[in-house]
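# Need a 3D model of the sequence below.
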Amino acid sequence: MASIKISNDPSGRIIVSFPYVPLLVEKVKTMNSRRWHPEGKHWCFLKLNGILEKILAILEDNNVQIDPPFKLTFLKLLQVLSRQYRKVELICDIYRIF
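As a prediction, the model looks like this:
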């Protein structure tokens, strides 16, 4: 089991770094919007909708560590999205009533 670190860079991209494990490299290569940075020895992903969930899904069997500031940003985003989802549910319920 490899130790995987997930963080973000100043430009807002998601950075994933881990020791070389061929199976992990193959899993990461199956994802879109990824790019290998040999100078930093890490993978970079554009912050697209659902990308972090996909990264976590393919790396789930490993020791994944999410950088605390990035985790906080992600949790805040989830809170906003859940509030928006609840608003949409409420609107749908209102339409069903009428």
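
# For the rest of this, base every contact and every neighbour count on C-alpha atoms.
Fine.

# And stretch 29-47, end to end?
By CA to CA, to the nearest Å, the extent of stretch 29-47 from end to end equals 16 Å.

# just how off-centre is that stretch within its chain?
Chain-centre distance of stretch 29-47: 12 Å, with CA atoms, centre = their mean, to the nearest Å.

# which outside residues touch that stretch?
12-18, 28, 51 (CA atoms under 8 Å, 6 or more residues apart in numbering).

# what's the model's confidence in it, averaged?
Computed over stretch 29-47, the mean pLDDT rounds to 93.

# Show me which residues of it are buried.
By neighbour count on 16 or more other CA atoms under 10 Å, the buried set for stretch 29-47 is 34, 36, 42-46.

# picking up where we left off before, so which of the contacts of stretch 29-47 belong to strands?
14-17 (DSSP state E).

# other SSEs contacting the biggest strand by length in the chain?
Once the chain is assigned using DSSP E, the strand that runs over the most residues is strand 3-8. Judged by 3 or more CA pairs under 8 Å, 6 or more residues apart in numbering; DSSP states H and E, strand 3-8 is in contact with strand 14-17, strand 63-66.

# Could you tell me the end-to-end distance of stretch 13-31?
Counting by CA to CA, you get 15 Å between the two ends of stretch 13-31.

# Quick one: distance of that stretch to the chain centre.
13 Å.

# Equivalent analysis for stretch 44-52, please.
Distance of stretch 44-52 from its chain centroid, counting by CA atoms, centre = their mean, is 6 Å.

# ditto for stretch 9-17
Relative to the centre of its chain, stretch 9-17 is centred 10 Å away, using CA atoms, centre = their mean.

# First-to-last residue distance for it?
Counting by CA to CA, you get 12 Å between the two ends of stretch 9-17.

# quick check: mean pLDDT across that stretch?
89.

# Could I get the buried residue list for that stretch?
14-17.

# With stretch 59-68 instead?
Neighbour-count burial for stretch 59-68, with 16+ other CA under 10 Å as criterion, is recorded at 59, 64, 66.
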